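Peer 1: Pasting the sequence and the predicted coordinates here, then a few questions.
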Amino acid sequence: MNRLDGKVCLVTGAASGIGKRIAEVYAQAGGRVAIADLRLEAAEEAARSIRDEGGQAIAVAMDVTDEQQVIDGVAKVISEWGRVDVLVSNAGIQIVNKVTDFSLADWKKMLAIHLDGAFLTSRECLRDMEKRREGGAIIYMGSVHSHLASKLKAPYVTAKHGLLGLCRTVAREAAEYGVRANVICPGFVRTPLVDKQIPEQAREFGITEEAVVKDIMLKDTVDGEFTTVDDVANVALTLAAFETNALTGQSLVVSHGWFMQ
Ligand code: NAD
């Protein structure tokens, strides 16, 4: 259990934060890891550090909103290692604003990264998984915001809810090929994505940064604690290594009890 020996794992947005830690944990579990990211240099650095630790990793340049880059990036992984067994669709950004202040361009950018990116990477990886009929796992990085809403996050909440629909459909369509699809829904994790939001929300709500953390971000957790990249990566490992279709079409909330299903 929880081994990925030889499995080829493509993780998007893996040059930083949650995706980077998932890539490291997958490599430690014996997986061969493709670090796909918009920022190629950072992806190469992450891949190099995994190789320095004795793991197998390559970097792949990929803007997940660009159909051709996704097609080429997945093809690169297949040409290197012959297959994709695990996709973690993780790349994401945050833009916070009131609905009444959001530009259409920002709205579309958010939906493109979170939803088009998940669709395009799923499609390309599933084409390989279905052809080979040797099973596979698709993991979407949702959020507690896949289940509830917060002020200022309309496109993020919309996109993260949307991933549940994509996941459930993929779970049904791909089951006959032994491919499982699940969503991980983390609470707040201290990554660059969250560090950027703290001063932004402090400004928007007219409160201190400490109050943003304590009274907004961690207010409804059971213990006032942030979720960690390790917490999320360990759940991602279990979902990737799970062996049967018993665990598919689900969302797993990893949030210190912020949201309880
Ligand atoms: P991060 O900013 O640390 O890392 C995101 C990575 O995605 C970066 O390396 C960035 O270059 C890459 N990226 C951005 N746009 C891309 C694109 N178009 N194509 C390819 N790569 C792209 O962020 P993180 O906190 O690790 O977030 C990762 C995922 O986890 C996101 O989907 C986010 O919504 C989700 N999430 C984060 C939190 C949190 O609290 N940090 C909570 C719940 C869910």
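Peer 2: Looks like it arrived, so ask away. Please read all numbers here as calculations on a predicted model, not as lab measurements.

Peer 1: from here on, contacts and neighbour counts on C-alpha atoms
Peer 2: Noted.

Peer 1: where along this structure do the strands fall?
Peer 2: 8-12, 32-37, 56-61, 86-89, 136-141, 179-186, 251-254 (DSSP state E).

Peer 1: quick check: mean pLDDT across the fifth one?
Peer 2: Translated: strand 136-141. Mean pLDDT, strand 136-141: 98.

Peer 1: if we can go back for a sec, CSV please, covering the strands of the chain and showing distance to the ligand.
Peer 2: Output for the strands of the chain, formatted as CSV (distance: least, Cα to the nearest ligand atom, whole Å):
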stretch, distance to the ligand
strand 8-12, 6
strand 32-37, 4
strand 56-61, 8
strand 86-89, 8
strand 136-141, 5
strand 179-186, 4
strand 251-254, 9
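
Peer 1: Format the ones you listed as a markdown table; extra columns: mean neighbour count.
Peer 2: What follows is the strands of the chain, written out as a markdown table (neighbours: other Cα atoms under 10 Å):
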| stretch | mean neighbour count |
| --- | --- |
| strand 8-12 | 29 |
| strand 32-37 | 30 |
| strand 56-61 | 24 |
| strand 86-89 | 28 |
| strand 136-141 | 28 |
| strand 179-186 | 27 |
| strand 251-254 | 22 |
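
Peer 1: Can you report how many residues neighbour residue 150?
Peer 2: 12 (other Cα atoms under 10 Å).

Peer 1: Now the phi/psi pair for it, please.
Peer 2: phi -130, psi 160 (degrees, to the nearest 10).

Peer 1: Tell me the spacing between it and residue 207.
Peer 2: For residue 150, the distance to residue 207 equals 16 Å [Cα to Cα, to the nearest Å].

Peer 1: Check residue 217 too.
Peer 2: The value you get for residue 217 to residue 207, if Cα to Cα is used, is 13 Å.

Peer 1: which one of these two has more residues nearby?
Peer 2: residue 217 (21 against 13).

Peer 1: Quick check, the more buried one in contact with residue 188.
Peer 2: Yes - using Cα atoms under 8 Å, residue 217 makes contact with residue 188 at a distance of 6.6 Å.

Peer 1: ok, the nearest residue to residue 35 once chain neighbours are set aside to residue 90 distance?
Peer 2: Leaving aside its sequence neighbours, residue 35 sits nearest to residue 59 (Cα to Cα, 6 or more residues apart in numbering; 4.7 Å). Going from residue 59 to residue 90 by Cα to Cα gives 15 Å.

Peer 1: Tell me if I'm right that residue 230 and residue 21 touch.
Peer 2: Yes - because the distance of 6.8 Å satisfies Cα under 8 Å, residue 230 is recorded as touching residue 21.

Peer 1: Which one of the two is surrounded by more residues?
Peer 2: residue 21 (21 against 15).

Peer 1: Which strand residues bridge residue 184?
Peer 2: Bridge pairing for residue 184 (DSSP bridges) gives the partners residue 141, residue 252.

Peer 1: thought it was touching residue 234?
Peer 2: No - assessed by Cα under 8 Å, residue 184 is found out of contact with residue 234, at 10.8 Å.

Peer 1: Just the pLDDT for residue 18.
Peer 2: 98.

Peer 1: again, but for residue 118
Peer 2: So, for residue 118, pLDDT stands at 99.

Peer 1: Okay, and the beta partners of the closest residue to it other than its chain neighbours?
Peer 2: Spatial nearest neighbour of residue 118, excluding adjacent residues (Cα to Cα, 6+ apart): residue 89 at 5.6 Å. Taking DSSP bridges as the rule, residue 89 bridges to residue 140.

Peer 1: contacting residues for residue 89?
Peer 2: By Cα atoms under 8 Å, 6 or more residues apart in numbering, the contact list for residue 89 reads 11, 12, 13, 117, 118, 121, 122, 138, 139, 140, 141.
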